[in-house]
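Novice: Turn this into a model:
(4 chains)
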Number of protein chains: 4
Amino acid sequence: MSTLSPEVQVAIARVRDDVAALHAELVRYGLVVWTGGNISGRVPGADLFVIKPSGVGYHDLDPSSLILCTLDGDVVPDTPGSDRSPSSDTAAHAYVYRNMPEVGGVVHTHSTYATAWAARAEAIPCVITAMADEFGGEIPVGPFAIIGDDSIGRGIVETLAGHRSRAVLMRNHGPFTIGRDARDAVKAAVMLEDVARTVHIARQGGALVPIAPEAIDALFERYQNVYGQQPAAGAQ
Amino acid sequence: MSTLSPEVQVAIARVRDDVAALHAELVRYGLVVWTGGNISGRVPGADLFVIKPSGVGYHDLDPSSLILCTLDGDVVPDTPGSDRSPSSDTAAHAYVYRNMPEVGGVVHTHSTYATAWAARAEAIPCVITAMADEFGGEIPVGPFAIIGDDSIGRGIVETLAGHRSRAVLMRNHGPFTIGRDARDAVKAAVMLEDVARTVHIARQGGALVPIAPEAIDALFERYQNVYGQQPAAGAQ
Amino acid sequence: MSTLSPEVQVAIARVRDDVAALHAELVRYGLVVWTGGNISGRVPGADLFVIKPSGVGYHDLDPSSLILCTLDGDVVPDTPGSDRSPSSDTAAHAYVYRNMPEVGGVVHTHSTYATAWAARAEAIPCVITAMADEFGGEIPVGPFAIIGDDSIGRGIVETLAGHRSRAVLMRNHGPFTIGRDARDAVKAAVMLEDVARTVHIARQGGALVPIAPEAIDALFERYQNVYGQQPAAGAQ
Amino acid sequence: MSTLSPEVQVAIARVRDDVAALHAELVRYGLVVWTGGNISGRVPGADLFVIKPSGVGYHDLDPSSLILCTLDGDVVPDTPGSDRSPSSDTAAHAYVYRNMPEVGGVVHTHSTYATAWAARAEAIPCVITAMADEFGGEIPVGPFAIIGDDSIGRGIVETLAGHRSRAVLMRNHGPFTIGRDARDAVKAAVMLEDVARTVHIARQGGALVPIAPEAIDALFERYQNVYGQQPAAGAQ
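Specialist: Predicted structure coming up:
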């Protein structure tokens, strides 16, 4: 830890707090069971990220139980949590951070409806405006990949690089989402499961009505630039 | 605020309290995720309404965080919350209040089952008595409309004006509900999702049995006039 | 109240407590939304029962808000809650108590899956042992009946008299359950929704495997006589 | 109790604590309703196990309410809880403990999706990696068996002996899961319902994509040996 500047140490502490608190959102929205799923957050200004320990329950997570890793996926020794194993998906998170510098957070779950689409290797079509807003089109499918090495990371990056969607359905496995920070990636995981469920149920009842591509473009553009609280925003 | 009478200021405070508390009902009934969805309430005796700020979480809503708007959808300056952007659906709410003077509350969600019917542009048939009671018949579908201008408001008013239903399924988008006040519109949103789910599940299992139109009329008439607590009601 | 013996007054107080507490079970198991659904309990040793007021929310129910009625469905004047209207299903409950002396509790909900079967007027086949245990066979469908007079009560009694099932699916309406007391009727409502959901989902996936009728008989017989805590029961 | 060594008495107390606490997990994950379902745990170093009493609600369970039994399924007299009847599935649990010495915990539920597969007597195909991790392949179906004697226990043992899966779907009844201790068996029950639900929903939407058998083997091998916290584990 002696090689880390005070600024970086403050940044690490903030990411630990955020990532620990965000795990509760996965529980609240029913996206995870038992110890499954994980969130990581990149430390701004350093080649580091913070991630959940492997096989630990959501009730036992606090900032100091999270594990600090380098962008190669190695645990930084002599830091809080470094006596434990990080998430078995750590290599995948690390690969994403190394290859997508704009990404500040990564989330993985086996949420029910998103995983169901993944078990059919079927992209989710964009038929509701909330999905156009958030993802700008369909949710793509990534390749089948074995857990534990770079395969999953490569599949995520190959699928999402240059894609509007912040979510990918890894075939026969489940969703990974990315974001500008950990909160943004968690939001993507929550919204993904919501649209995966709604579109599944819609299609069970009959034929879906498509949204015109230019309407999808307009919705995505507007939501990315106008929705929410901006420094000098007026009424929308 | 200096132009508002004391009576109107009291009315505004009451609507702020009601609308803030009602947002918790959307969470309780699982009708919203993250920051999606919004409730507004008209201020009795004034051309004003109170609405949720844009992109703000449900845990961060209190009466003073809500935003006071004119019936043109403009934020009233120098009032609590006026430094923030109102819901991106504010124009739609304002259009409804301008054109449906009997409406005192408007609710918008992307609740799962109602949105699934909307993604098929399919009205929900009235096959359960609770739906006849509450909505007097089928739940109609409104047009596809881009978010942010009067389009959604016009679609809501065109569909619901003169219709028994207090709910409309905006195509590829989700439900809007209206009511005599914000609580009544929230009740409609809750009951809508309940019937949307039940009728979806019923039809997945086979052919639905219709209810005779005259029975629907009798149920609607009775529920609107007899159910609940009246000033001088006897046993029903 | 002056005509009620002290023993009956004690019994009324106990039923008020039980019925008030049991309403929370309907909420816990997700069987009701908003103010829908109701529970009543017969007062042992008197021609009286206690029932939920009409259109009142589940958070506002306490023992003194419940309403005491005669077996004709009339509110007993000058008793706690007697200034309010009882449930709009009071006539149905009263009819059951008058015509089925062994019944000590009645529950009505619009629980999702049970109501879905009712919207198809389809009995739930007995394909899981928990259903054989609890209901002794299929859950039958009752007739379509208008709300507010004896029609629903007659439909319940005609369907359940002499039937093993303590639950009936009133066509296009929803379930009513009966029991030896209010708790037993609530248990039936909870178990009914559980089996309605499980059997619906099972059939969505393909053909159901039947249970032999003699196995259903054996399961029902055993559960009614051996399950749970008996005064002098040994290990089962 | 005088014949039990102090070591065994300490072990019994620990199993009572664990099994009482684990029942809350069944409620948290929605695997049980009312008094259904049960957990038992073997007492290490003794021919004894601890099990839920029959027909008792989940809110009324504490360590001393659980019942100590021999491996023949007989209640040990003059121990806490011995005045009550143990679970009606006690004979099944005892049979498993007698015949599978590696098993330290047994769980039974009627969880919705697992029971739905059981009502069709259909094994759950292994199409998601989480299922390969946890169960090493498909979830098998056990025979139809009457409740109350050795039939269920025999069906469990015949189906699971030599099988990778720690879960069996007893035909027309529901799942039983086993584990090295009670916590491990509860984890299996939670994960089983999760995969039963996900695979059901996946197949409702169209054809499932299989996972290659050698990939299933690799996933199972890795998860059993590398996932979670090991005494001297490094980053995975």
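Novice: What residues does chain A have near chain B?
Specialist: Contact residues, chain A versus chain B (Cβ under 8 Å from any Cβ of the partner chain): A:29, A:127-130, A:133, A:187, A:190-191, A:194, A:197-199, A:201-202, A:204-209, A:211, A:215, A:218-219, A:222, A:226-230, A:233-236. To be clear about C-beta, it is placed using only N, CA and C from the backbone, and glycine gets the same treatment.
Novice: repeat that for 7 Å
Specialist: A:29, A:127-130, A:187, A:190-191, A:194, A:197-199, A:201-202, A:204-209, A:211, A:215, A:218-219, A:222, A:226-230, A:233-236 (Cβ under 7 Å from any Cβ of the partner chain).
Novice: Could you pull out the strands in chain A for me?
Specialist: Counting by DSSP state E, one finds strands in chain A at the ranges A:38-42, A:48-51, A:67-70, A:105-108, A:141-142, A:167-170, A:174-179.
Novice: so what secondary structure elements neighbour the third one?
Specialist: Under the contact criterion of 3 or more Cβ pairs under 7 Å, 6 or more residues apart in numbering or on different chains; DSSP states H and E, the helices and strands touching strand A:67-70 comprise strand A:48-51.
Novice: do that again at 10 Å, thanks
Specialist: helix A:6-28, strand A:48-51, helix A:90-99 (3 or more Cβ pairs under 10 Å, 6 or more residues apart in numbering or on different chains; DSSP states H and E).
Novice: any low-confidence regions in chain A?
Specialist: A:1-2, A:147-148, A:230-236 (pLDDT under 70).
Novice: In it, what residue lies closest to chain D?
Specialist: residue A:55 (2.8 Å; Cβ to the nearest Cβ).
Novice: How about the backbone phi and psi for that residue?
Specialist: phi 70, psi 20 (degrees, to the nearest 10).
Novice: ok, it touching residue A:89?
Specialist: No. With contact defined as Cβ atoms under 10 Å, residue A:55 does not reach residue A:89; the gap is 11.7 Å.
Novice: More neighbours: which of the two?
Specialist: residue A:89 (23 against 20; other Cβ atoms under 10 Å in any protein chain shown).
Novice: residues touching residue A:93, list them.
Specialist: With contact taken as Cβ atoms under 10 Å, 6 or more residues apart in numbering or on different chains, residue A:93 is in contact with A:38-42, A:49-52, A:69, A:71, A:73, A:86-87, A:103, A:105-108, A:152-153, A:156, A:176, A:178.
Novice: Which of the residues of chain A next to chain B are buried, as a ChimeraX select command?
Specialist: In ChimeraX syntax, the buried subset of the residues of chain A next to chain B is picked out as below (16 or more other Cβ atoms under 10 Å in any protein chain shown):
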select /A:29,127,128,129,130,187,190,191,194,197,198,199,201,202,204,205,208,209,211,215,219,222,226,227,228,233,235,236
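Novice: Okay, and which of the residues of chain A next to chain B map to helices?
Specialist: Mapping the residues of chain A next to chain B onto helices (DSSP state H) picks out A:129-130, A:187, A:190-191, A:194, A:197-199, A:201-202, A:204, A:215, A:218-219, A:222.
Novice: Mean neighbour count, the helices and strands packed on strand A:67-70: which tops it?
Specialist: Among those, strand A:48-51 has the highest mean neighbour count (mean count of other Cβ atoms under 10 Å in any protein chain shown), at a mean of 27.
Novice: for that one, packing partners?
Specialist: Using 3+ Cβ pairs under 10 Å, 6+ apart, strand A:48-51 sits against helix A:6-28, strand A:38-42, strand A:67-70, helix A:90-99, strand A:105-108, helix A:182-204.
Novice: Put together a markdown table for these, with distance to residue D:116 on each row.
Specialist: Output for the helices and strands packed on strand A:48-51, formatted as a markdown table (distance: least, Cβ to Cβ, whole Å):
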| stretch | distance to residue D:116 |
| --- | --- |
| helix A:6-28 | 25 |
| strand A:38-42 | 30 |
| strand A:67-70 | 39 |
| helix A:90-99 | 33 |
| strand A:105-108 | 28 |
| helix A:182-204 | 16 |
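Novice: follow-up on the earlier one: do you know which of the strands of chain A lies nearest residue A:115?
Specialist: strand A:174-179 (4.4 Å; Cβ to Cβ).
Novice: ok, the closest one: who's next to it in the sheet?
Specialist: strand A:105-108 (antiparallel), strand A:167-170 (antiparallel) (DSSP bridges).
Novice: and that strand with helix A:90-99, angle?
Specialist: 30 degrees (axes from the mean of the first three to the mean of the last three Cα atoms, to 10 degrees).
Novice: Strand A:174-179: how far from the chain's middle?
Specialist: What separates the centre of strand A:174-179 from the centre of its chain is 4 Å, taken as Cα atoms, centre = their mean, to the nearest Å.
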